[in-house]
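structure, please.
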Amino acid sequence: MAEPAVVPAVFYRDPLAALHWLEQAFGFETSLLVTDDDGNVGHAEMSFRGGAIGVGGEWASPELLGPAAMKSPLSIGGVGTQFVRIHLSEDLDAHCERARAAGARIVQEPQDQFYGARTYRALDPEGHVWNFDQPVADLTLAEMEQASGLKIREKL
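The predicted structure follows:
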């Protein structure tokens, strides 16, 4: 299987706990775990239905990042700067219930969207936003525009 072209990474105060939680809540699988002699996570990767995501601990490197640092939303007042979107082929509502049972905070209950997908959004224990969607209708751009009142283009 080919490597995904894009692999986003999320950062946690406790990346090892995050790995276990992401497995339990969302069904991700740890595919790579790099630790030091004390068991601290240096880097980890998780796979999910052909996709991948990196998981790491918080860090700062002024020589690489300048004043920026990689932080968990928990460390910056719950502020998120992105969300991770995951496509499901089926069972979105059951996936949402699995996440809820594992302690995810469901901030958007499953609902159908104007663009032909059913979605839900969840916060993990450190505040990362996870957006899951499943196709439920194959709509044309004109149908999406009519349903939303927006102008939709595939390319600029």
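
list the contacts of the closest residue to residue 33 other than its chain neighbours.
Spatial nearest neighbour of residue 33, chain neighbours left out: residue 44 (4.9 Å); criterion: CB to CB, 6 or more residues apart in numbering. For the C-beta atoms, the positions are set from N, CA and C on the backbone; glycine is no exception. Shown in contact with residue 44 (CB atoms under 8 Å, 6 or more residues apart in numbering): 15, 19, 30, 32, 33, 34, 54, 55, 56.

distance check, the residue positioned nearest the centre of the chain against residue 14.
Nearest to the geometric centre of the chain sits residue 84, at 3.1 Å (CA atoms, centre = their mean). Note on residue 84: its distance to residue 14, by CB to CB, to the nearest Å, is 18 Å.

gap between the longest helix anywhere in the chain and the chain center?
Longest helix in the chain, counting residues (DSSP state H): helix 15-26. Here the centre of helix 15-26 is set off from its chain's centre by 12 Å, with CA atoms, centre = their mean, to the nearest Å.
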